[in-house]
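Student: can't give you the sequence, but here's the structure:
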């Protein structure tokens, strides 16, 4: 059975002992019901992971840190998911699964047909909850680096950010001429733009094309927004050799 993994937002070093944060301790002792002396794995998002031994003392828990393992489980293709705002439940699911599929970073943006509008304090709280979901997904799937998530005030800014560092921009359209699996990977950095529930409108499609995004389709069927981005991630990772 694989040892439980926990993210610790602090420096970690072999042959030291740290007290686990209250939330982590609760999850280990009360949710997972791990016992004193059990083997666990801890990581801090900076790469690699540490074997550790759990010590449970009433409501507190400690990790005695052992050997460092520099293992990395990141995908060979650096993909930014430019995801339009969508309904809360769907967005939670998309973010969690995108992390499992190896997304490098996530950028949220408003679109004309977005049914959800987030700004200011509400947006900040939403991003914080999504960051917690990302950390949980990393702990579950074995990733040792935490994909960053941010939000842009406009779709134009988000699309432009996606093309930074010479990234190749992909725009998912059900009636595009070229299939995504035939897209040339001209760069190891890719931005995948996904529209909201009703898709991008004509002006947004034209904007993306002017910025350098190319349209690709995902097979003969029209996929929902919460499916399209994940399907694109999986398809691109297969082409890049991540599932080999």
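Tutor: Yep, that arrived. These figures come from a predicted structure and were not determined experimentally.
Student: what comes up buried for the longest helix seen in the chain?
Tutor: Across the chain, the longest stretch assigned as helix under DSSP state H is helix 120-141. Using 16 or more other Cβ atoms under 10 Å as the test for burial, helix 120-141 gives 126-127, 130-131, 133-135, 137-139. Glycine gets a C-beta too; all of them are placed from N, C-alpha and C.
Student: next one: stretch 171-188
Tutor: Buried, per 16+ other Cβ under 10 Å, within stretch 171-188: 171-173, 180, 183.
Student: Distance to residue 79, secondary structure and pLDDT added to those residues, as JSON lines?
Tutor: JSON lines is the format used below for the buried residues of stretch 171-188 (distance: Cβ to Cβ, whole Å; DSSP: H, G, I helix; E, B strand; the rest coil; pLDDT from 0 to 100):
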{"residue": "171", "distance to residue 79": "14", "secondary structure": "strand", "pLDDT": "95"}
{"residue": "172", "distance to residue 79": "13", "secondary structure": "strand", "pLDDT": "92"}
{"residue": "173", "distance to residue 79": "18", "secondary structure": "coil", "pLDDT": "90"}
{"residue": "180", "distance to residue 79": "12", "secondary structure": "helix", "pLDDT": "93"}
{"residue": "183", "distance to residue 79": "12", "secondary structure": "coil", "pLDDT": "88"}
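Student: show me the contacts for residue 116.
Tutor: 85-88, 91 (Cβ atoms under 8 Å, 6 or more residues apart in numbering).
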